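Enquirer: kindly generate the corresponding structure for this input.
(chains A and B)
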Number of protein chains: 2
Amino acid sequence: MNYRFSTRLDTFSSSAVREILKLTQKKSIISFAGGLPAEEHFPVAAIGEAFDRVLAAGNKALQYGLTEGYLPLRESICKWMGRKGITVTPDDMLLTTGSQQAIDLLSRIYIDAGDVILVEKPTYLSALQVFRSYGATLVSVETDEDGMVLEDLESKLKQYRPKLVYVIPTFSNPTGQAWSLERRQGVLKLCRESDSLILEDDPYGELKFGDASVTYPSIFSLDQHPAGSCVVYTSTFSKTVAPALRTGWVMADPDIIRHMARAKQAADLHSSSLDQQTLYQLMEHFDLDGHIEFVRKEYEIRMRQMADQLKQQQWPGVTWNEPKGGMFFWLELPESVDTGELLKTAVDLGVAFVPGVSFFAEDNSPRNRMRMNFTHNDFEGTVAGMKRLSQAMETVLVK
Amino acid sequence: MNYRFSTRLDTFSSSAVREILKLTQKKSIISFAGGLPAEEHFPVAAIGEAFDRVLAAGNKALQYGLTEGYLPLRESICKWMGRKGITVTPDDMLLTTGSQQAIDLLSRIYIDAGDVILVEKPTYLSALQVFRSYGATLVSVETDEDGMVLEDLESKLKQYRPKLVYVIPTFSNPTGQAWSLERRQGVLKLCRESDSLILEDDPYGELKFGDASVTYPSIFSLDQHPAGSCVVYTSTFSKTVAPALRTGWVMADPDIIRHMARAKQAADLHSSSLDQQTLYQLMEHFDLDGHIEFVRKEYEIRMRQMADQLKQQQWPGVTWNEPKGGMFFWLELPESVDTGELLKTAVDLGVAFVPGVSFFAEDNSPRNRMRMNFTHNDFEGTVAGMKRLSQAMETVLVK
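Expert: Got it, this is the predicted structure:
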């Protein structure tokens, strides 16, 4: 049998995350690679109780559900978003298999081959992979610690008239930084003027460190919405409750949601309604905000522990900024270092991270960056992993 | 904001299943429309116990999982398929969000715009929708009660050199018929000779009625496999356990599985691993085969009840064959009747079905067919629904 695969096949060749997730299954490796939450914080008992409530409600809980997702959960999320100053209705919302699926479904209804998508420099690697699979041309916008550089964005909006601008403004993957209010407002204004849709990916917004009085309003909340909104917003329960329930949500103009729901119907009919019902019961009967506050504090402790470790190492020529939230440190190494090569040495020594090159849209991007997760390992794991990483660093860094 | 949707958007316009699922949420409607299992047969207690076992195993159960799916469940399915004479390993298998996603992912890696896909006449409407969304040209092969007509298939394989041939050989959706062994072997031989991949969709294979000694081997089991197989096989737990767990599987040559896994990584990283772990525990500790035998018998009773009802109505000019398994009756009405129009009258009278035209690939297909589900309603519901349907029929049938 001679297989005749589609021309699209080559766009799926990058499988960094997949290989990373495989690595983390090996017990001998201490992984700073995947964006994994800390397992010991998962609210296992509460999820068990929530599930019992779902089944107690009767057999109908196990039947097919709506493509748009379990209505009571959409209503609960609306109420929850309302307390953050975002007014949406269940019709402005679609439940997805993680926010990854939201990125995919929006691409499916919005992107034709050859369309330009602007992204941050650097940005989430699996979003790049999705966009490439639809034949999009990816262009990076210069990004500093306050967010996208508005002059560069304005120039590229004019030059490319992109259909979509993909951003992670709050605790970026991979950099851990947060955009200033001025940049959020500026990007919104520029994109609206040029009819470029913004996809705001916000998996980490709840995981904020430092001064509690500092807030980062989502770009979606700054926009007129829901009707005619130029922002599509997606988030997930993966980082605040648990990834195994694979439940994300996307909010947008109801026209966009309606089209995404049709694409979802073709893709998988609907996501697990058992998981959605469990999350609904969890939101009703569990102090989710209290749990998130607990997780947030624990992650801030882990972030500071890794920051201390990084300071102690004194790796020559290696720089980084303290993350303002989220899950990652982003390190810059001397230009001579290829972190892809460093990873091979590191894995031999029993420690993993993600080479930075995967987070850039363009070929010939810097090869001397790396992303390190600080949420998954406990203190002992972090210390042991850093020791192994130091051994690997010694092979490439000049003292 | 002026939205600039993709050209692909129009391919998602058909949303018959979605609207059907919405209809069934209204309590006043008796629905023969959706392919819904009987809720009262769902093994609720066993699913609850299985879930408890998953959580008892510890926090790790709630972490991110592999794109390919939970390995122990893949192993259990392999063992289960082994007892049906199919030898596969977990590397030949991908777990999906229902078998709908298997159809989508295979299309994603195999189909380019303009490629020809051959399908049965009629066939599953949501598969048609997926294929159209990838720009495929759909061509129907003549189908009689024994399956695809080999002469027509041979001629169309030569004429179109299709990349894919999509079939539901065992208890077809929508016709409820089963292919003869000779047709299965014939289609396999012809497709292998012309390098056309077969996608065998088998959600209903376990739901066989009538003489227990009659068996219907899957086309996949007749092929050399896994290496170089020309059959991709997909099935699901939706009809045998419960749809809300949204778990299907696809088996194929490991090369095809590897590429589908990469496409799945972009689409949603992975399906609900909580559902997959629950199904694994269910397969380990619950008599799944006994449960399926129970459901099968109940469905056969319901099929015979609806057959009796259909006979009693004596609708002039309406013909049908008794289903050999699965979930559906397929009715042919007089040529003058448009079942799309009939549905409007029927819904006004409080009963729903699916107009047949959605199950045909070509425009200008017969408009006088309809699909009726017999598994979801109990006897009282079926009798009441048939009464309402008879009232609707009276408006279009000449006595």
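
Enquirer: what parts of the stretch 251-399 of chain A come near chain B?
Expert: A:253, A:255-256, A:259, A:261-263, A:265-275, A:277 (CB under 8 Å from any CB of the partner chain). Placement of C-beta: from N, CA and C, glycine included.

Enquirer: please check the residues you listed and keep the buried ones.
Expert: Listed as buried from these are A:253, A:256, A:259, A:261-263, A:265-275, A:277; burial here means 16 or more other CB atoms under 10 Å in any protein chain shown.

Enquirer: where do the helices sit along the stretch 151-300 of chain A?
Expert: A:181-193, A:219-222, A:254-268, A:273-285, A:288-313 (DSSP state H, counting those that start in this stretch).

Enquirer: of all the ones you listed, which lies closest to B:Trp315?
Expert: helix A:254-268 (32.0 Å; CB to CB).

Enquirer: tabulate the CA atom coordinates of that closest one in PDB.
Expert: Extracted C-alpha coordinates of helix A:254-268, given in PDB (Å, rounded to 0.1, in the frame of the first residue of the first chain):
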ATOM      1  CA  PRO A 254     -21.600  35.400  19.000                       C
ATOM      2  CA  ASP A 255     -21.000  35.200  15.200                       C
ATOM      3  CA  ILE A 256     -17.500  33.900  15.700                       C
ATOM      4  CA  ILE A 257     -18.700  31.500  18.400                       C
ATOM      5  CA  ARG A 258     -21.400  30.100  16.200                       C
ATOM      6  CA  HIS A 259     -18.900  29.400  13.400                       C
ATOM      7  CA  MET A 260     -16.400  27.900  15.800                       C
ATOM      8  CA  ALA A 261     -19.200  25.600  17.100                       C
ATOM      9  CA  ARG A 262     -19.900  24.300  13.600                       C
ATOM     10  CA  ALA A 263     -16.200  23.600  13.100                       C
ATOM     11  CA  LYS A 264     -16.200  21.800  16.500                       C
ATOM     12  CA  GLN A 265     -19.200  19.700  15.500                       C
ATOM     13  CA  ALA A 266     -17.100  18.400  12.600                       C
ATOM     14  CA  ALA A 267     -14.000  18.000  14.700                       C
ATOM     15  CA  ASP A 268     -15.400  16.000  17.600                       C
END
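
Enquirer: A:Trp330 looks like it's in a helix, true?
Expert: No. Applying DSSP: H, G, I helix; E, B strand; the rest coil, one finds A:Trp330 to be strand, outside a helix.

Enquirer: per-residue pLDDT, the closest residue in space to it that isn't next to it in sequence?
Expert: The spatially closest residue to A:Trp330, leaving aside those adjacent along the chain, is A:Thr175, at 4.3 Å (CB to CB, 6 or more residues apart in numbering or on different chains). On pLDDT, A:Thr175 comes in at 97.

Enquirer: do the same with A:Glu154
Expert: Here, the pLDDT recorded for A:Glu154 equals 98.

Enquirer: ok, now which ones touch the residue nearest to it when sequence neighbours are not counted?
Expert: Leaving out its chain neighbours, the residue that sits closest to A:Glu154 by CB to CB, 6+ apart is A:Leu190, at 5.5 Å. Residues near A:Leu190 by CB atoms under 8 Å, 6 or more residues apart in numbering or on different chains: A:150, A:153-154, A:157.

Enquirer: if we can go back for a sec, I'd like the helices of the stretch 151-300 of chain A laid out as JSON lines, including mean pLDDT.
Expert: Formatted as JSON lines, the helices of the stretch 151-300 of chain A follow (pLDDT from 0 to 100):
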{"stretch": "helix A:181-193", "mean pLDDT": "97"}
{"stretch": "helix A:219-222", "mean pLDDT": "94"}
{"stretch": "helix A:254-268", "mean pLDDT": "94"}
{"stretch": "helix A:273-285", "mean pLDDT": "97"}
{"stretch": "helix A:288-313", "mean pLDDT": "97"}
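
Enquirer: B:Pro72 is nearest to which of those helices?
Expert: Of the helices of the stretch 151-300 of chain A, the one closest to B:Pro72 (CB to CB) turns out to be helix A:273-285, at 18.8 Å.

Enquirer: thinking A:Val337 is in contact with A:Asn368, fair?
Expert: Yes. Using CB atoms under 8 Å, A:Val337 makes contact with A:Asn368 at a distance of 4.9 Å.

Enquirer: quick one: which helix or strand includes A:Met393?
Expert: Assessed by DSSP states H and E, A:Met393 sits inside helix A:379-394.

Enquirer: what packs against that helix?
Expert: strand A:30-31, helix A:288-313, helix A:339-348, strand A:351-352 (3 or more CB pairs under 8 Å, 6 or more residues apart in numbering or on different chains; DSSP states H and E).

Enquirer: adding mean neighbour count, write the ones you listed out as a markdown table.
Expert: Formatted as a markdown table, the helices and strands packed on helix A:379-394 follow (neighbours: other CB atoms under 10 Å in any protein chain shown):
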| stretch | mean neighbour count |
| --- | --- |
| strand A:30-31 | 24 |
| helix A:288-313 | 16 |
| helix A:339-348 | 18 |
| strand A:351-352 | 24 |
